[in-house]
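A.B. asks: Here's my sequence, what's the structure:
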Amino acid sequence: MTSLPEKSYKSRILTGDRLSIGTLFRVFRFRIVITWTLTILETAMLALFPLLIGRSIDGLLDGDYTTFYQFIGAMAVLTVVATGRRVYDTRAYGSMRVALGGAQADRAGDEAVSVTNARLLMGRELVDFLEKEAPMSITGVIQIFVALVVLFSFHGYLALAAGAAAAAMLGIYGLSARRFFTLNSDLNEQSEAQVSALESRDLSRITAHLVGLRRHEVRLSDTESVVYALIFTALLTMLGFNLWFAATQTNATPGEIFSIVTYSYEFIQMSVILPMALQSLTRLAEITERINKAQPAT
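C.D. replies: Residues are numbered from 1 along each chain as shown. Alright, predicted model coming up:
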């Protein structure tokens, strides 16, 4: 017997709509807005930490503990917010996975079990994106903006170098987006055949399937390696320039130099999140097309 909560989950999403990130956001928008709001608050506080640390360093060197106490207070508040968000996230996104999985199973119709199994696993990636990559992207955008503002407050050239590195990064990813889509399509196609290969109990067929998976994964990994090597080259060049400029071309204090280097490094960390999110969206675009091929049994 199906429990009432499970029926509720299914009835909310089984409306004939296309299964996608947009549908999930529409149906569960209240829960998602709560988690993303907590994420923004947590991110805003984290983004201020390097500045607070830098000021604490200068304050402690001068014997003034005020900024140090402010930093301690900020850490305490951050701990409460971050813990609360994670407790809520697990429950909110767990409900979405139940709803989406039920919808996919209901629409599977007469398709092969191997295909349904693979698509159920792929569909979970839509919820994973809303739970992980989307908040990380929000975090990245906020911290990139804060980093640019802080770097500009020290010197315009520092922010200009960071902006140029970000533009180069997005250009590099843009040139590879279509290839990522094709490679993910090939990998997903191979994954759908896994259960059938295992059910055959034919060692040669199973081995051929596993070799096929490996081949597609290697091609995808190699492309990622080249793309991210180029991206890191651009970003690390910016970090080296900002370190040199802050130490030799400005009158920055030790605390200010620490803040400049830290924000430059955080800019790198957060900037890498954006092409990763774009890559995830490319994969999810292919998955969305695939899971919506399932039709109810007639």
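A.B. asks: which residues sit in contact with the residue nearest the centre of the chain?
C.D. replies: The chain has E133 as the residue nearest its centroid, 2.2 Å off, counting by C-alpha atoms, centre = their mean. With contacts taken as C-beta atoms under 8 Å, 6 or more residues apart in numbering, E133 has the following neighbours: M276, A277, S280. (Each C-beta comes from the backbone N, C-alpha and C, glycine too.)
A.B. asks: between these, which is nearest S191?
C.D. replies: S280 (16.5 Å; C-beta to C-beta).
A.B. asks: Tell me who's in contact with that closest one.
C.D. replies: Remark: with contacts taken as C-beta under 8 Å, 6+ apart, S280 is in contact with E125, F129, E133.
A.B. asks: rerun at 7 Å
C.D. replies: Taking C-beta atoms under 7 Å, 6 or more residues apart in numbering as the contact definition, S280 lies against F129, E133.
A.B. asks: can you offset everything so residue one is 604?
C.D. replies: Right, with 604 as the first residue, what we last looked at is S883.
A.B. asks: Buried residues in stretch 678-691, which are they?
C.D. replies: L681, A685, R688 (16 or more other C-beta atoms under 10 Å).
A.B. asks: about what we covered before: separation between the residue nearest to the centre of the chain and V730?
C.D. replies: Distance of E736 to V730, computed by C-beta to C-beta, to the nearest Å: 11 Å.
A.B. asks: cool, and Q707?
C.D. replies: Distance, Q707 to V730, by C-beta to C-beta: 12 Å.
A.B. asks: Quick check: neighbours shared by the two?
C.D. replies: Counting by C-beta under 7 Å, 6+ apart, Q707 and V730 have no common neighbour.
A.B. asks: which residues of the protein score low on pLDDT?
C.D. replies: Using pLDDT under 70 as the threshold, the predicted model of the chain has low-confidence ranges 604-620, 711-712, 714-718, 798, 897-901.
A.B. asks: For the chain, list the residue farthest from the centre, please.
C.D. replies: Most distant from the centre of the chain: G666, at 41.5 Å, with distances by C-alpha atoms, centre = their mean.
A.B. asks: so is that residue in a helix, a strand, or just coil?
C.D. replies: Per DSSP: H, G, I helix; E, B strand; the rest coil, the secondary structure class of G666 is coil.
A.B. asks: Would you mind listing the buried residues in stretch 772-782?
C.D. replies: So, applying 16+ other C-beta under 10 Å, buried residues of stretch 772-782: M772, I775, Y776, S779.
A.B. asks: So which of the residues you listed is the closest to R808?
C.D. replies: Taking C-beta to C-beta as the measure, R808 lies nearest S779 of the buried residues of stretch 772-782, at 33.0 Å.
A.B. asks: ok, that closest one touching V829?
C.D. replies: No: look at S779 against V829 with C-beta atoms under 7 Å: they stay out of range, at 8.1 Å.
A.B. asks: Next, show the common contact partners of these two.
C.D. replies: Overlap between the contact sets of S779 and V829, as judged by C-beta under 7 Å, 6+ apart, is nil.
A.B. asks: picking that back up, got a markdown table for the contacts of E736, with secondary structure and distance to I890 too?
C.D. replies: What follows is the contacts of E736, written out as a markdown table (DSSP: H, G, I helix; E, B strand; the rest coil; distance: C-beta to C-beta, whole Å):
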| residue | secondary structure | distance to I890 |
| --- | --- | --- |
| M879 | helix | 16 |
| A880 | helix | 15 |
| S883 | helix | 10 |
